[in-house]
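Undergrad: Please find the sequence and the predicted model below.
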Amino acid sequence: MIKIYHNARCSKSRCGVEILEKSGKDFEVVKYLEDVPTAEGLKDIIKLLGIKPIELVRKGESIWKDSFKNKDLSDAEIITAMVENPKLIERPIVINGYKAVIGRPPELILEII
């Protein structure tokens, strides 16, 4: 089943849900700010995306700027920061089987559905 990690306050994330709705395919919405992924879950997502943990961080967030920017963090520390502060997780993330994409722009979602 297709899964979207979604934040309803984000326009790109809302657009991602709309794309999935229009596709007619079944999908699950994960409100990741409430249902925060575990460190292992984030590692799995990062592996599917084929990126480094730092590439999943929203570096414009004040939490990042105030607490983590310009620090030499390990991948594990970055993942821990995202688990403890889920607002740092880039969105939307769409997973379809063994394929995943960050929906920025949202049209990238079409490539995996």
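TA: Great, that's in hand.
Undergrad: Quick check: which ranges of this structure have low pLDDT?
TA: Scanning the chain for pLDDT under 70 picks out no residues.
Undergrad: Show the residue spans covered by the strands in the protein.
TA: Taking DSSP state E as the test, the strands found in the chain are 2-6, 27-31, 93-96, 99-102.
Undergrad: how about the first one as CSV, C-alpha atoms only?
TA: C-alpha atoms of strand 2-6 as CSV (Å, rounded to 0.1, in the frame of the first residue of the first chain):
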residue,chain,number,x,y,z
ILE,A,2,1.1,3.5,-0.7
LYS,A,3,2.0,5.6,2.3
ILE,A,4,2.3,9.4,2.6
TYR,A,5,4.0,11.1,5.6
HIS,A,6,1.8,14.1,5.8
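Undergrad: follow-up on the earlier one: highest mean neighbour count out of the strands of the chain?
TA: Using mean count of other Cβ atoms under 10 Å, the stretch among the strands of the chain with the largest mean neighbour count is strand 93-96, at a mean of 24. C-beta: built from backbone N, CA, C; applies to glycine.
Undergrad: Please tell me how far it is from the chain's geometric centre.
TA: Centre-to-centre, strand 93-96 and its host chain are 9 Å apart (Cα atoms, centre = their mean, to the nearest Å).
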